[in-house]
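> Can you look at this prediction? I've put the sequence above it.
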Amino acid sequence: QYLSTLKTLKGLKMKKENKKNTLENIKNTISACKSFDMILGDIKNIKNREFSKFHEEKDISLVQKEHLAQKFSLSKKEIEAYVLKYQEILECYIEQNLEERESIDDLYESAKQDENLLFALLRWTIKKVRGYYPYNTQFITLFGLIDSEKGRIAQVQTGQGKSIMVAMLAAYYSFQGKKVDVVTTGPGLAKRDAIQSKEFFETLGLSVDCICDDNSNGYTKDIIFGTPFDYEADYLNSTYFNTNTRKNRPFDIVLVDEVDSMFIDRLNHSVKLISEDHMSKKIMWIYPFLYSLKQSNEVSIDEETIKNQLKDHVLFNLSTIKQQQAILKKVEKLTDRLLKLDEMKKDQDYVVEN
């Protein structure tokens, strides 16, 4: 009853003079079951109890048994090897040894050469940043994803720590000297994951950013987060408009979060560099003009000449100021297209039809 009343209170927008009376009425309403102070105490205790309790880690032998029972499981040989590898890491690289072993910079350099040390370092850094160690199930999954030349898909249920797995996997490949692109389902998730994992990556000496909202500077970082739309648009712009939006970033490693959503036909999964708008039909005349300008032997193809010719043509041929202004805003883009057209070969890079 009192929880329902509190939810009602949360949704109210009260005037200042009515607020005191409303609170008194609520306190009187719920006093029959518990006092107001006791209610607040109960809520506080529930919150503390829920947020301070972590799931107990499963025994490694139980994890091994559950993996083997899965329909699309790793092979028995693989799982046994991963379990032994994980136990070896726990035995050889305990937390105290990592902290006392050497300076942090030397530790990072050593981890690039010693894979088991790198895994131990990732485990230790998660503990340092988040306050708890990754679970053995997360490490078994991590080993399975890494141990494949062609890549793998992992089915990770909600609440099993997928974000930590993605962060450790991205850091692992970054230590191999590779650039990592993480694909998420939406800009909100991309920004959230980049922010939440920033401390973890920076503790390891790695840089991270989100490429949403046309943030092309993100491509210089070790690890980036973005949506399919962001990666597609930036690639197409770099390829067809020579914008170098990707900053010559290599295509090394891609980690796709929620990979099943990639099979869903959604608007933010496709990109159109050019689409028809209400002005398209009104400016179709400009393209024959651009082509004739290119074919003219009297006009040298340089940026300033093209701009001046285009402006003169617009002001002479379009009667209304509104039409003139609309085209003049596109002069830079149209000029850029003509310059690129000059580099293309007819019937090879483009076709002209009647």
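Everything's here; your move. Numbering: from 1, shown residues only.

> what residues are up against residue 147?
The contact partners of residue 147, taken as CB atoms under 8 Å, 6 or more residues apart in numbering, are 78, 82. Glycine gets a C-beta too; all of them are placed from N, C-alpha and C.

> roughly how far apart are it and residue 183?
From residue 147 across to residue 183, the span is 21 Å (CB to CB, to the nearest Å).

> and what of residue 193?
Note on residue 193: its distance to residue 183, by CB to CB, is 11 Å.

> overlap in contacts of those two?
residue 257.

> what's the spacing between residue 171 and residue 308?
With distances taken as CB to CB, residue 171 is found 54 Å from residue 308.

> Report the buried residues of the helix or strand harbouring residue 91.
Using DSSP states H and E, residue 91 maps to helix 76-92. Residues 78, 79, 82, 83, 85, 86, 89 are the ones in helix 76-92 that count as buried (16 or more other CB atoms under 10 Å).

> show me the contacts for the closest residue to the fourth one other than its chain neighbours.
If you skip the residues right next to it in sequence, residue 83 has residue 64 as its closest partner in space, 5.3 Å away by CB to CB, 6 or more residues apart in numbering. Shown here is residue 64, whose contacts under the criterion CB under 8 Å, 6+ apart are 79, 80, 83.

> May I ask which helix or strand encompasses residue 64?
Here residue 64, judged by DSSP H and E, is contained in helix 60-69.

> With residue 238 instead?
Residue 238 belongs to helix 228-240, assigned by DSSP H and E.

> tell me what the following helix or strand past that helix is packed against?
Once helix 228-240 ends, the next helix or strand along the chain (criterion: DSSP H and E) is strand 253-256. Helices and strands touching strand 253-256, by 3 or more CB pairs under 8 Å, 6 or more residues apart in numbering; DSSP states H and E, are helix 162-175, strand 180-183.

> Mean confidence (pLDDT) on strand 253-256, please.
Strand 253-256 shows a mean pLDDT of 94.

> Give the partner strands of it in its sheet and their orientations.
strand 180-183 (parallel) (DSSP bridges).

> Report the angle between the next helix or strand after the partner strand and helix 162-175.
With elements assigned by DSSP H and E, the helix or strand that comes after strand 180-183 is helix 187-196. With axes from the mean of the first three to the mean of the last three CA atoms, to 10 degrees as the basis, helix 187-196 and helix 162-175 are set at 60 degrees to each other.

> Residue 333 - that's part of a helix, no?
Yes: the assignment for residue 333 (DSSP: H, G, I helix; E, B strand; the rest coil) places it in a helix.

> circling back to that earlier point, I'd like the helices and strands packed on strand 253-256 laid out as a markdown table, including distance to residue 222 and mean neighbour count.
Shown next, in a markdown table, are these (distance: least, CB to CB, whole Å; neighbours: other CB atoms under 10 Å):
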| stretch | distance to residue 222 | mean neighbour count |
| --- | --- | --- |
| helix 162-175 | 5 | 22 |
| strand 180-183 | 7 | 22 |
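
> wait, which of the ones you listed is closest to residue 128?
helix 162-175 (13.1 Å; CB to CB).

> before we move on, the earlier item: pull out the buried positions in the helix holding residue 238.
228, 229, 230, 231, 232, 233, 234, 237, 238.

> Out of these, which is nearest to residue 250?
Closest to residue 250, out of all of the buried residues of helix 228-240 and judged by CB to CB, is residue 238, at 12.6 Å.

> unless I'm mixing things up, the closest one is touching residue 249, no?
No: under the criterion of CB atoms under 8 Å, residue 238 makes no contact with residue 249, lying 9.2 Å away.

> pretty sure residue 203 is touching residue 126, no?
No: Residue 203 is beyond contact range of residue 126, at 9.6 Å (criterion: CB under 8 Å).
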